[in-house]
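Participant: next comes the sequence, and after it the predicted model I'd like to discuss.
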Amino acid sequence: MFEKYIENKKEEIIKETQKLIQIPSVISKSNNSSKPFGENINKALEYALDLGKRLGFRTKNIDGYCGYIEFGEGEELVGIIGHLDVVPEGENWIYPPFSATIANNNIYGRGAIDDKGPVISSLYAMKTVMENCKVNKRVRLILGLNEENDWKCIEYYKQHEEIPTIGFSPDADFPCIYAEKSILTSYLQMNYSNFLNKPIIINNIDCNNNALNVVPKICSCILEIDINKISMSDFISTIKKIKDKYDYEIDIYKIDDKHVKLTSYGIQAHSAHPDLGINAISRLIVILDEIFKSYKIEIELFDFFAKFINIQYYGENLGINFEDESGKLTLNVGNFSLDNSVLKIGINLRIPIHTPIVDIGNSFLKALAPYINVDFETKSHMPFLYISKDNYLVKTLCKIYNEETNSNLEPIAIGGATFARAFPNCVSFGANLPGHKDMCHQTDEFISIDSLLLSCKIYARAIYELSK
């Protein structure tokens, strides 16, 4: 229906996607109240709003917390809810993560699929409908800036702006998402000060600023030994023997006569799919537990972790073997730190929609009962999203996708969290295609140019159907 118009815009769509990816919009500290999430995220917002103006839309910067791009008239509001912030780039990319390099008919870069490519695709879908159709509602692309952290942007929007009547978020998978798991972010922690007189102590832990919703690719720590009690050669020999028991990629580096640095390597992935990655933090903690126990030092936090938190974790060891139509319960270990003599492990759980949150907490507390020095603290909980497969919105979006791709697919459930759950009558819709590897949060993230253009055509049809 809109194919020719979008094909004529192909080079423009690619160019604007590249320009947006080239802005390194990772959250940073800010003392400027008009740029609450940092300079680079604000640059991404300003660029997107300027592009919206150049394309002929109404735009608004909402106090630096978010923004929107809009067209149409009418009382009802169709919302498209995306985000411009990205997770940290990680390491060992084929191409620089903010270069937006085109190779193999893909655009490579952090944010290419999550969520800058889909945002540009949605924007040009709006342009397509605005130039070719008459609609009876307003259509608004809402630009979030804090999706990868604590959603302060969208909360600010909800306090100050109009809530969409109906809508979708281009931040997951096609054909359509009818359910998203609930999410629990928690910490396991213990006081480490009583261990500072031991013959081995931890000096430093560095996880490369890993986000809790990312399977960590690298984590290192520095161990200091008391050379009056342990020889460095024996210590390194012990570490090597422990390492040889496991098929883990861990570097051992002697800094000096007292200090050894251990660096654990994994594979980055989205925490909703921990099985697609390899967790560098988990592997390091398992090795540390054995190192300390070899010298008769038992750190309860490590012992609990080694016994109850699997490397590829699905809850069985804690007696939380939950699974339903939305999938299995999963857990990602996303953070590991030593600060002010407190050892802390940050975990991110994706919980099936029919599993009560209280059951998860009780299972942790029961397993922790013998570990009197380890605390379990919940930082945040995000409720699940569920809309019936028979709902008008779900059926309409699925129908559009199937007709545009000559498919016959059913709506799906995911472990990811999108802005769709922030609004009533809203679901996530694309842009990752069925059968395609989900590159969200991964090293060498990309969006294929074919997928970018196809999603634009699908979104144009959806915007038209929801607003006509």
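Facilitator: Yep, that arrived.
Participant: quick one: low-confidence parts of this protein?
Facilitator: Flagging of the chain using pLDDT under 70 yields the residue ranges 310-321.
Participant: domains in it, as residue ranges please.
Facilitator: Domain segmentation of the chain under automatic domain parsing yields 3-180+385-467, 183-382.
Participant: pull the distance from the first one to the chain's centre.
Facilitator: Spelled out, it's domain 3-180+385-467. Put simply, domain 3-180+385-467 sits 15 Å off its chain's centre (CA atoms, centre = their mean, to the nearest Å).
Participant: now the last one
Facilitator: Its chain's C-alpha centre and that of domain 183-382 lie 20 Å apart, by CA atoms, centre = their mean.
Participant: so which residues of the stretch 351-468 of the chain form helices?
Facilitator: 357-368, 392-405, 449-467 (DSSP state H, counting those that start in this stretch).
Participant: now do the end-to-end distance for stretch 434-445.
Facilitator: Terminal residues of stretch 434-445 are spaced 17 Å apart (CA to CA, to the nearest Å).
Participant: related to what we said a few turns ago, indicate which one of the helices of the stretch 351-468 of the chain is closest to R421.
Facilitator: helix 392-405 (13.7 Å; CB to CB). Placement of C-beta: from N, CA and C, glycine included.
Participant: just the buried residues of the closest one, please?
Facilitator: Residues of helix 392-405 classed as buried: 393-394, 396-398, 400-402, 404-405 (neighbour count, 16 or more other CB atoms under 10 Å).
Participant: could I get the residues you listed as a markdown table with distance to S271?
Facilitator: Shown next, in a markdown table, are the buried residues of helix 392-405 (distance: CB to CB, whole Å):
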| residue | distance to S271 |
| --- | --- |
| L393 | 27 |
| V394 | 25 |
| T396 | 30 |
| L397 | 26 |
| C398 | 27 |
| I400 | 30 |
| Y401 | 26 |
| N402 | 30 |
| E404 | 31 |
| T405 | 29 |
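Participant: closest to N104 among those?
Facilitator: For the buried residues of helix 392-405, the nearest to N104 is T405 (21.6 Å; CB to CB).
Participant: burial check on E73, number of neighbours?
Facilitator: If you count neighbours by other CB atoms under 10 Å, E73 ends up with 8.
Participant: what does the residue nearest to it when sequence neighbours are not counted show for phi and psi?
Facilitator: Nearest non-adjacent residue to E73, counting by CB to CB, 6 or more residues apart in numbering: R138, 6.5 Å away. Main-chain torsions, R138, degrees, to the nearest 10: phi -90, psi 140.
Participant: what distance do you get for the nearest residue to V26 once chain neighbours are set aside to A211?
Facilitator: Distance criterion CB to CB, 6+ apart; nearest residue to V26, sequence neighbours excluded, is P88 at 5.4 Å. Using CB to CB, to the nearest Å, P88 is found at 6 Å from A211.
Participant: looking at these two, which is more packed in?
Facilitator: With neighbours defined as other CB under 10 Å, P88 and A211 compare such that A211 has more, 21 against 18.
Participant: show the contacting residues for the more buried one.
Facilitator: Taking CB atoms under 8 Å, 6 or more residues apart in numbering as the criterion, A211 is in contact with 87-88, 148-149, 334, 441.
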